[in-house]
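Asks: sequence and computational prediction follow.
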Amino acid sequence: MITVRSPGRVNIIGEHTDYALGYVMPMAIQLGTTFTAEPSLDGRTCIFSEAMKEELCFGDELVREGKWIDYVKGVYYAIRSRGLRYMHVSGRLSGDLPMSSGLSSSASLEMAIAVAQNELARLGLSRLDLARLGVTAENEFLGIPSGILDQFAAVMGKEGRAVFTDTETLNYEYVPVPEDVEFLVFHTGIRRAVAGTEYSDRVKVVKSALRALGVSSSKYVREEQLSRLNELQRKRLGYVIRENSRVLAVRDALRSGDVVTAGKILTEAHWDLARNYEVSVPELDFFVEFATSHGAYGARLTGAGFGGAAIALVDRGKGEQLGREAEEEYVRRFPHRPQHWVVTPAEGARVIDVRP
Ligand code: GLA
């Protein structure tokens, strides 16, 4: 029997850049998924989810059901499509990551399954290969055109470090997050998964803009080339290329311990996302305004947007109180139930226990 712990992630900066093969800088967080599994002998996988309070089973047919188990099947599908063999298991999922919250509960689940399979079925896959399994599961099995950001963060996460990544080359670099700061995560209580059409619409426009310019990655696009695009493509890709520069700037600011500059850029990124990428909602904007006017260095939505969560960069020890104050004001204005957590960079998905 093995136990795997797989984290959720917060994307510090570099939003909606991964499918444009630009830069991202996420970190894994303490909230995550725990998966306990042992080989099953009847040619079926049966998994009990504590969050859903149900057990679901499947054999080798691997068809989509429109349920949470699809993420498990998707990883099996990805293993099979590489000519490898998964092992059927009997398992139990638990965790403390809210679903559809912008904190990548699905990638956390996928990487929990992938790490467990790597161990039990002796697949011999690298961490990068495991992240790629998750992307295949999303793109090909679930039909979601997402990039590699979430799975990469979930497997590459490191305590105390953000993971600066070039999503074209997949070269990455650990960037220390100064010890005197922490991130407050504020969940708006609006659950909106990337399965919606807003996300895939953004992907389509940006990819069509890159095609029109004849480049593979948004890293190679210069501001003056944007005039060759239609208005919507210009607006969206314009955001992406500014965001790529912001990732580099935040990386450099964190490296030199300049949290004031890092924070300012985070806030700037939020308003660019809201105005030009149009993925924010009033609830996220409220939090960004509240946090930045109550002592945060900066704040922005994290993940795909359209609800979900936002983050604020604050002095260590200040996040909890800011979270409580933001919640108090939030419930006076909006009809949702918010939640908040204080996080620092955590380790990526790994086996934490093995028993005979
Ligand atoms: C979701 C997707 C990621 C990424 C973000 C936006 O989390 O799964 O691949 O595109 O949205 O940055």
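Replies: Perfect, I can see it now.
Asks: show me where this structure has its helices.
Replies: Listed in chain order, the helices of the chain (DSSP state H) span 69-81, 105-120, 127-136, 149-156, 197-213, 231-255, 259-272, 282-292, 319-333.
Asks: so how far is the ligand from the spatially most central residue of the chain?
Replies: The centroid of the chain falls nearest to residue 150 when counting by C-alpha atoms, centre = their mean (3.5 Å). Applying C-beta to the nearest ligand atom, to the nearest Å, the value for residue 150 to the ligand is 5 Å. Quick note: C-beta positions are derived from backbone N, CA and C, even for glycine.
Asks: hang on, the earlier thing: quick one: which of the helices of the chain is nearest residue 312?
Replies: helix 282-292 (3.8 Å; C-beta to C-beta).
Asks: tell me if the closest one is near the ligand.
Replies: No: Helix 282-292 stays clear of the ligand (C-beta under 6 Å from any ligand atom), getting no nearer than 13.4 Å.
Asks: what angle do that helix and helix 259-272 make?
Replies: Inter-element angle recorded for helix 282-292 and helix 259-272: 160 degrees (by axes from the mean of the first three to the mean of the last three C-alpha atoms, to 10 degrees).
Asks: for helix 282-292, packing partners?
Replies: Contact here means 3 or more C-beta pairs under 8 Å, 6 or more residues apart in numbering; DSSP states H and E; on that basis helix 282-292 packs against strand 181-187, helix 259-272, strand 298-302, strand 309-315, helix 319-333.
Asks: picking up where we left off before, tell me the pLDDT at the spatially closest residue to the residue nearest to the centre of the chain that is not a sequence neighbour?
Replies: Nearest residue to residue 150, sequence neighbours excluded (C-beta to C-beta, 6 or more residues apart in numbering): residue 107, at 3.4 Å. Per-residue pLDDT puts residue 107 at 97.
Asks: does residue 107 really touch residue 157, like I thought?
Replies: No: counting by C-beta atoms under 8 Å, residue 107 sits too far from residue 157 to count as a contact (11.1 Å).
Asks: who has more neighbours, those two?
Replies: residue 107 (31 against 27; other C-beta atoms under 10 Å).
Asks: still on that earlier bit, now do the contacts for the residue nearest to the centre of the chain.
Replies: Neighbouring residues of residue 150 by C-beta atoms under 8 Å, 6 or more residues apart in numbering: 9, 26, 104, 106, 107, 134.
Asks: try residue 106
Replies: With the criterion set at C-beta under 8 Å, 6+ apart, residue 106 makes contact with 71, 99, 138, 150, 193.
Asks: ranking the residues you listed by neighbours, who comes first?
Replies: Counting neighbours by other C-beta under 10 Å, residue 150 leads those with 29 neighbours.
Asks: coming back round to it: would you turn the helices of the chain into TSV with distance to residue 185?
Replies: Formatted as TSV, those follow (distance: least, C-beta to C-beta, whole Å):
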stretch	distance to residue 185
helix 69-81	22
helix 105-120	13
helix 127-136	21
helix 149-156	14
helix 197-213	20
helix 231-255	17
helix 259-272	13
helix 282-292	10
helix 319-333	8
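Asks: those: which one's closest to residue 309?
Replies: Smallest distance to residue 309 across these (C-beta to C-beta): 8.3 Å, for helix 282-292.
Asks: what's the pLDDT at whichever residue of the stretch 251-356 of the chain sits closest to the ligand?
Replies: The stretch 251-356 of the chain approaches the ligand most closely through residue 304 (3.5 Å), counting by C-beta to the nearest ligand atom. Note for residue 304: predicted pLDDT of 94.
Asks: that one touches residue 11, doesn't it?
Replies: No: using C-beta under 8 Å, residue 304 makes no contact with residue 11, being 9.6 Å away.
Asks: the two: who's more crowded?
Replies: Shown here are residue 304 and residue 11; by other C-beta under 10 Å, residue 11 has more neighbours (27 against 24).
Asks: for that one, which non-adjacent residue is closest in space?
Replies: Sequence neighbours aside, residue 26 is the residue nearest to residue 11 in space, at 4.4 Å (criterion: C-beta to C-beta, 6+ apart).
Asks: and the spatially closest residue to residue 32 that is not a sequence neighbour, how many neighbours?
Replies: Of all residues not flanking residue 32 in the chain, residue 7 sits nearest, at 4.0 Å (C-beta to C-beta, 6+ apart). Per other C-beta under 10 Å, the neighbour tally for residue 7 reads 31.
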